[in-house]
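Student: sequence and computational prediction follow.
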Amino acid sequence: MKISQRVAGVEYAIRDIALEARKLQKQGKKITYLNIGDPLQYGFQPPDRVKEALIKAVKDGQNYYASSEGLPELRQAIAKKEAKKGLQVLEDDILVTNGVSEGLEMIMASIVEAGDEVLIPGPYYPPYASYVRLFGGKPIEFLVDLHSSTPDLDDIKSKITEKTVAICLISPNNPTGVVFSEKSLKDLVDLANEHDLYIICDEIYDQIVFDEKFTGIGKVSGDSPVILLNGFSKVHLMSGWRVGYVAFNQSKRLELLRENVPKLSRVRIATNLPVQYAALESLNGPQDYVTNFVSELKKRRDYTIRRLNEMNGISCSNPKGAFYAFPKIEHNKYGSDKEFVTELLKETGILTVHGSGFGTQYGTGHFRMVFLPEIPILQDALDKIEKFVS
């Protein structure tokens, strides 16, 4: 029977590549999974008080449909958190979502018409392009220098047309670890204002930064139309619980979105209520677990990047945030990055993701790996990668 072409064309490289790994695993091959950015699969856990808040909510009978917009107390706590980063939002400007991905889907459904174009930083996190296409739009990649973490403004200007409706900013970035400076953010905001574009800013990794202080979009945006995406999967170690949020700043240009996006939250009824109590506890309690998490990640990043740059035929920029390395394959005898990661998997059992899965324009010729595992596991994996490329 027939299915829609918009669904037939959807791809998600991070999980698609894992299908081959599972086949090999069933055949008895040991697989080291370095493909997915889920800290909880590598031994990290939310603090006990957060788990206990979830259990308490269930035991206390908080098991009914929540408000479609989200738990009021959680939205208030989110508003306080974002205010500390410079973004002034009201409780009524926040929608709690089933992870950031649902929030992204809601926003693209609300702003993209057939033929519209959305600027996204290349390489990009796959759902950005997928959701733009799903609603009939065209994702347009713009260049970001991986070593300097700066967007190419001339490249962006050359790609803005009368069809462009929004620019997406992901900082810290997945898959590259790029973190935009305050100046870069200001330049991007000014450019968006000049062309009357929505600014969609994803800050899911906002506290996972290693070398410089993080600057949030709220510090430079003023009354520009900013749509913020954030959540609890990464920093707060709650990936499997699926809780994120969309926040609109107080720009008058967002009035129609404020009025209409909540309709989509009502159509899908509600998000998980007990999990929202856990998210509330994660924001209200001590944050030392986040500090410890980031401190440990920095050690793993430093080790991983050093090892990669010591390999023949591999080079890697130093990620300033998140938990991904995005090495460049300097000499690829396999012809494509997808063939590279496939052969690496078959020969060594190391599962990574081909760079072209994050956009063929700027991702091709790379692969992505996480540096979430403990250093002995990373050492074993990197030893095998080094032997493979040599």
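Tutor: Okay, I see it.

Student: strands along the stretch 251-390 of the chain, start to end?
Tutor: For the stretch 251-390 of the chain, the strands defined by DSSP state E, counting those that start in this stretch occupy 314-315, 324-325, 328-329, 350-351, 353-354, 367-370.

Student: of those strands, which approaches residue 37 most closely?
Tutor: strand 367-370 (5.6 Å; CB to CB). (Each C-beta comes from the backbone N, C-alpha and C, glycine too.)

Student: ok now that closest one, how far from the chain's centre?
Tutor: 14 Å (CA atoms, centre = their mean, to the nearest Å).

Student: what does it rub up against?
Tutor: 34-37, 42, 175, 304, 323-327, 329, 337, 340-341, 344, 352-355, 357-358, 381 (CB atoms under 8 Å, 6 or more residues apart in numbering).

Student: that one: partners in the sheet, and parallel or antiparallel?
Tutor: Here strand 367-370 is paired, per DSSP bridges, with strand 324-325 (antiparallel), strand 353-354 (antiparallel).

Student: which stretch among those strands is buried most, on average?
Tutor: Most buried of the strands paired with strand 367-370, by mean neighbour count (mean count of other CB atoms under 10 Å): strand 353-354, with a mean of 28.

Student: now it: average pLDDT?
Tutor: For strand 353-354, mean pLDDT rounds to 96.

Student: quick one: least confident helix or strand in this structure?
Tutor: Here the helix or strand of the chain ranked lowest by mean pLDDT, DSSP states H and E is helix 13-16, holding a mean of 71.

Student: got the contact list for it?
Tutor: Contact with helix 13-16 is made by 35, 36, 37, 126, 353, 354, 356, 357, 358, as judged by CB under 8 Å, 6+ apart.

Student: rerun at 6 Å
Tutor: With contact meaning CB atoms under 6 Å, 6 or more residues apart in numbering, helix 13-16 is reached by 35, 126, 353, 357.

Student: between which two of those residues is the distance greatest?
Tutor: Maximum distance among the contacts of helix 13-16 (CB to CB): 12.4 Å, for 35 and 126.

Student: of the two, which one has the most company?
Tutor: When neighbours are counted by other CB atoms under 10 Å, residue 35 and residue 126 differ, and residue 35 comes out ahead with 25 against 22.

Student: next, the contact list for that one, please.
Tutor: By CB under 6 Å, 6+ apart, the neighbours of residue 35 are 14, 18, 351, 352, 353.

Student: remind me which residues of the stretch 1-150 of the chain are low pLDDT?
Tutor: Where the stretch 1-150 of the chain drops to pLDDT under 70, the residues are 12-13.

Student: quick one, phi psi at the most centrally placed residue in the chain?
Tutor: Nearest to the mean C-alpha position of the chain, counting by CA atoms, centre = their mean, stands residue 174 at 5.2 Å. When read as degrees, to the nearest 10, the backbone of residue 174 gives phi -110, psi 120.

Student: buried sites along stretch 330-343?
Tutor: 337, 338, 340, 341 (16 or more other CB atoms under 10 Å).

Student: my bad, should have said stretch 101-120
Tutor: The neighbour-count check on stretch 101-120 (16+ other CB under 10 Å) flags 101-108, 110-112, 116-120 as buried.

Student: can you list contacts of it?
Tutor: Taking CB under 6 Å, 6+ apart as the rule, stretch 101-120 contacts 97, 127-128, 131-132, 135-140, 142, 163-168, 198, 227, 229, 244, 246, 257, 261, 264.

Student: centre of the chain to it, how far?
Tutor: In terms of CA atoms, centre = their mean, the centre of stretch 101-120 is set 16 Å apart from its chain centre.

Student: and for stretch 132-144?
Tutor: Here stretch 132-144 is found 16 Å from its chain centre; the criterion is CA atoms, centre = their mean.

Student: for the remainder of this discussion, apply numbering that starts at 450.
Tutor: Taking 450 as the first residue, the last one we looked at is stretch 581-593.

Student: what about that stretch, how long is it end to end?
Tutor: The first and last residues of stretch 581-593 sit 20 Å apart, counting by CA to CA, to the nearest Å.

Student: where does pLDDT dip in the stretch 650-799 of the chain?
Tutor: In the stretch 650-799 of the chain, residues with pLDDT under 70: 781.

Student: can you map out the helices along it?
Tutor: Secondary structure of the stretch 650-799 of the chain by DSSP state H, counting those that start in this stretch: the helices cover 667-670, 704-716, 722-733, 737-758, 786-797.

Student: which among the ones you listed is found nearest to residue 605?
Tutor: Nearest to residue 605 among the helices of the stretch 650-799 of the chain is helix 667-670 (16.3 Å), distances taken as CB to CB.
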